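Student: Return a 3D structure for these sequence lines:
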Amino acid sequence: MRDAALLVRALREPASAATLTSSQWSELVSVARAESLIGSLAHRLKGISVPDCMQYVLDDAIGAHDLARQQALWEADCARRALINYSGKIVLMKGTAYVAANLDAGVGRSIGDLDIMVARDDLAVVESTLLDAGWEWVKPDPYDDQYYRDHMHELPPLIHRERDRMIDVHHTTLPLTARPTPDAQAMRDNAIALDNGLHVMAPTDMVLHSIAHLFADGDLAGGLRNLWDINLLIRQFAQDDEEFWTELGVRAKTHDLVQEMERGLRLAARLYHTPVYKYRAGQTEFADYLYVRRLLARDGYGRETRKLTRLAFYVRSHWLRMPPMMLARHLWTKWRKGGKPSK
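Tutor: From the prediction side, this is the model:
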């Protein structure tokens, strides 16, 4: 297999998996694992005839996801209880938000760290409270710590000393030095309360956050999973609310993410056949081809391919995060320390 197109097709058209050969099944599973989409794939292929040996793999992936879902919800509740006296909104983000809100995007979704967002002015009290509750710093290096505090959209990551689970405390959705400037206050104001007192972003903000994370703050690593999130979120929200597309356009302007939104819609439609509102997607650009090439850069063993394309997007990711002189100083500092550039 030359790229990850086989995985995209299986997610988009589950019935296509019924005709795969044994070698194609091996490739499909390898790429799905590499892209952290094995749980999503397993749920999509329910009811499809698959080889017995692969059925065991898919069943195991569903079981692993069920456990990860419980752990994510438990960790979110641990943070809620630790911050019980905090009066501000605690907004869940990414995978934990999807499962907490029982969204389609949470079905089979791999979940790593717990991501939450609070008001920037409240970071000191949230940080102090979490430290008192058993979380510890992951990045002991003074430069990394100061870099996060001065330039990033989150505190340095914390890990719980007993549960060994990480939490990322955000105050906005993109680095402070990034070119787009999403309105974090507007996101918190529109956040929707869950039964347990935690919050999740409103539908359009949730879609735009996923789009921003993919297209304005990274090298597209894990991009197929994030684009699958976008696809599922759009399908569900557009079906539930006839005003979704109008509101999405309005909020994209509010968060300075119009171009990123348009590209996200175009690529979701191209790869996953997401039924997007064409006016919101804009005109196809040549760069879309490069994005697709990067998103599909896996071979049949799940290994990354297309080194030059990946390098170009890696450089782009740092270019987006900070001005040229600041980027040069940052890379020079990290090189002298013998480490990799901070995310």
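
Student: what residue ranges in the stretch 51-200 of the chain score low on pLDDT?
Tutor: Within the stretch 51-200 of the chain, the ranges that satisfy pLDDT under 70 run 139.

Student: 90 instead?
Tutor: The stretch 51-200 of the chain contains residues with pLDDT under 90 at 112, 138-152, 176-179.

Student: what about the strands in it?
Tutor: 91-92, 114-117, 135-137, 158-160, 166-170, 192-193, 199-200 (DSSP state E, counting those that start in this stretch).

Student: can I get those in TSV with distance to His318 and mean neighbour count?
Tutor: Heads up, the C-betas are built off the backbone N, CA and C, glycines and all. Putting the strands of the stretch 51-200 of the chain into TSV (distance: least, CB to CB, whole Å; neighbours: other CB atoms under 10 Å) gives the following:
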stretch	distance to His318	mean neighbour count
strand 91-92	27	26
strand 114-117	21	25
strand 135-137	24	17
strand 158-160	24	19
strand 166-170	19	20
strand 192-193	34	13
strand 199-200	30	22
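
Student: could I get those strands as CSV with distance to Val29?
Tutor: Formatted as CSV, those follow (distance: least, CB to CB, whole Å):
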stretch, distance to Val29
strand 91-92, 30
strand 114-117, 28
strand 135-137, 35
strand 158-160, 30
strand 166-170, 27
strand 192-193, 36
strand 199-200, 31
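
Student: Of all the ones you listed, which one is nearest Met206?
Tutor: strand 199-200 (6.9 Å; CB to CB).

Student: on contacts alone, who are the packing partners of the closest one?
Tutor: strand 91-92, strand 192-193 (3 or more CB pairs under 8 Å, 6 or more residues apart in numbering; DSSP states H and E).

Student: ok, back up a step: what's the closest of the strands of the stretch 51-200 of the chain to Asp241?
Tutor: Proximity to Asp241 (CB to CB) singles out strand 192-193 among the strands of the stretch 51-200 of the chain, at 12.6 Å.

Student: Pairing partners for that closest one, with directions?
Tutor: strand 199-200 (antiparallel) (DSSP bridges).

Student: what's the partner strand in contact with?
Tutor: Applying CB atoms under 8 Å, 6 or more residues apart in numbering, the contact partners of strand 199-200 are 89-92, 97, 100-101, 188, 191-194, 206.

Student: Tell me the one of those residues nearest Val169?
Tutor: Nearest to Val169 among the contacts of strand 199-200, with distances taken as CB to CB, is Ile90, at 9.5 Å.

Student: ok, the closest residue to His273 other than its chain neighbours - contacts?
Tutor: With CB to CB, 6 or more residues apart in numbering as the criterion, His273 has its nearest non-adjacent residue at 5.7 Å, and that residue is Arg12. When contacts are counted by CB under 8 Å, 6+ apart, Arg12 is found next to Leu271, Tyr272, His273.

Student: Equivalent analysis for Lys307, please.
Tutor: Residues counted as contacts of Lys307 (CB under 8 Å, 6+ apart): none.

Student: ends of stretch 85-96, how far apart?
Tutor: Stretch 85-96 has its terminal residues 22 Å apart, counting by CA to CA, to the nearest Å.

Student: Check stretch 165-182 too.
Tutor: For stretch 165-182, the first-to-last residue distance is 28 Å (CA to CA).

Student: same deal with stretch 83-102?
Tutor: Counting by CA to CA, you get 23 Å between the two ends of stretch 83-102.

Student: Any idea how many residues pack against Thr284?
Tutor: For Thr284, the count of nearby residues is 13 (other CB atoms under 10 Å).

Student: ok, so what distance separates the residue lying closest to it once chain neighbours are set aside from Val276?
Tutor: If you skip the residues right next to it in sequence, Thr284 has Arg266 as its closest partner in space, 6.2 Å away by CB to CB, 6+ apart. When distance is defined by CB to CB, to the nearest Å, Arg266 is 8 Å away from Val276.

Student: Compute the number of surrounding residues for Thr129.
Tutor: Residues lying near Thr129 (other CB under 10 Å) number 17.

Student: How about the one 3 residues further on?
Tutor: Burial of Asp132, expressed as a neighbour count using other CB under 10 Å, amounts to 9.

Student: Going forward, the N-terminal residue is numbered 73.
Tutor: From this message on, residue numbering opens at 73, which makes the last subject Asp204.

Student: From Leu230, how far off is it?
Tutor: From Asp204 to Leu230 the distance is 12 Å (CB to CB).

Student: that older thread, among the contacts of Arg84, which ones are buried?
Tutor: Using 16 or more other CB atoms under 10 Å as the burial test, the contacts of Arg84 include Leu343, Tyr344 as buried.

Student: Save the contacts of Arg84 as TSV, and put in pLDDT too.
Tutor: Shown next, in TSV, are the contacts of Arg84 (pLDDT from 0 to 100):
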residue	pLDDT
Leu343	98
Tyr344	98
His345	97
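
Student: Which of the contacts of Arg84 sits closest to Tyr363?
Tutor: For these, the residue nearest Tyr363 by CB to CB is Leu343; the value is 9.7 Å.
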